[in-house]
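1. no sequence on this one, just coordinates:
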């Protein structure tokens, strides 16, 4: 597979290393700041032109929340299978989906490409479903990441909270701000911490007066995210047109 990488910071370099380990060629790297990128630009159309002319079979986008939507809009018309790992744009998913459908292209997105995290999503969904009828258990989500992370809460934390809302009907709203009042029973608190170099910790607490059930996923490094993104690109090349997530990979196993 010939691969283009848009966003050549720490994650972009890890993706390039993961691609090499799996026998793929990185034919184009694009970043507005990285001096070792093959194309240095912040202009989406220039980026897309470079990617389209590179001979790439697929594109992995891991840039920044402030630029991801412009990058997606510019890359979809290239017709190349596109894997998006940047978060902060999912509110625009309906519009992006319409564009993908109109172009007959393929887009794969995830808030987290780690196999362990995606297993954790399913474990959380099952646990929330089991505890939904036990109203004496409240539930909350906590996540922590390194101090250089650009968004808060994390996309992974939001996805965990979303899965709890899907399975616990009494919880109807995610609150990620600090509480200055007593929480309403329908509110699900999603708390965030940014500190040091921690790659990522996500915890779900089911708490009652009698006990606490805690589920936690701890990432030791970000190499698993990079490998998952490369494997998503491998899978997407043979998937045909449409919008896909990690659920599609798991469901195809």
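-> Everything's here; your move. Owing to the predicted nature of the structure, the values given are computational and were not obtained by experimental measurement.
2. not counting sequence-adjacent ones, nearest residue to the residue positioned nearest the centre of the chain?
-> For the chain, the residue nearest the mean C-alpha position is residue 111 (1.5 Å; C-alpha atoms, centre = their mean). Closest residue in space to residue 111, ignoring its immediate chain neighbours: residue 155 at 3.1 Å, by C-beta to C-beta, 6 or more residues apart in numbering. C-betas here are computed from N, CA, C, even on glycine.
3. what sits against the one you found?
-> Under the criterion of C-beta atoms under 8 Å, 6 or more residues apart in numbering, the neighbours of residue 155 are 87-88, 90, 111-112.
4. let's see 10 Å
-> Contact analysis of residue 155 by C-beta atoms under 10 Å, 6 or more residues apart in numbering lists 65, 85-90, 109-112, 143.
5. and it, how far from residue 90?
-> 7 Å (C-beta to C-beta, to the nearest Å).
6. overlap in contacts, those two.
-> 109, 111.
7. touching, residue 174 and residue 163? I think so.
-> No: counting by C-beta atoms under 10 Å, residue 174 sits too far from residue 163 to count as a contact (11.1 Å).
8. buried residues in stretch 85-103?
-> 85-90, 96, 100 (16 or more other C-beta atoms under 10 Å).
9. what about the stretch 1-150 of the chain, any weak spots by pLDDT?
-> For the stretch 1-150 of the chain, no stretch is flagged by pLDDT under 70.
10. and the strands in it?
-> Remark: strands assigned in the stretch 1-150 of the chain by DSSP state E, counting those that start in this stretch are 2-6, 25-31, 39-40, 58-61, 82-84, 106-109, 138-145.
11. reformat the ones you listed as JSON lines; add distance to residue 51 and mean neighbour count.
-> Shown next, in JSON lines, are the strands of the stretch 1-150 of the chain (distance: least, C-beta to C-beta, whole Å; neighbours: other C-beta atoms under 10 Å):
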{"stretch": "strand 2-6", "distance to residue 51": "5", "mean neighbour count": "26"}
{"stretch": "strand 25-31", "distance to residue 51": "6", "mean neighbour count": "21"}
{"stretch": "strand 39-40", "distance to residue 51": "8", "mean neighbour count": "17"}
{"stretch": "strand 58-61", "distance to residue 51": "6", "mean neighbour count": "26"}
{"stretch": "strand 82-84", "distance to residue 51": "10", "mean neighbour count": "27"}
{"stretch": "strand 106-109", "distance to residue 51": "14", "mean neighbour count": "24"}
{"stretch": "strand 138-145", "distance to residue 51": "28", "mean neighbour count": "22"}
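12. nearest to residue 121, out of these?
-> Taking C-beta to C-beta, strand 138-145 is the member of the strands of the stretch 1-150 of the chain nearest to residue 121, at 12.0 Å.
13. now the helix or strand just after the closest one: buried residues?
-> Per DSSP states H and E, the first helix or strand lying C-terminal to strand 138-145 is helix 155-167. For helix 155-167, burial by neighbour count (16+ other C-beta under 10 Å) applies to 155-165, 167.
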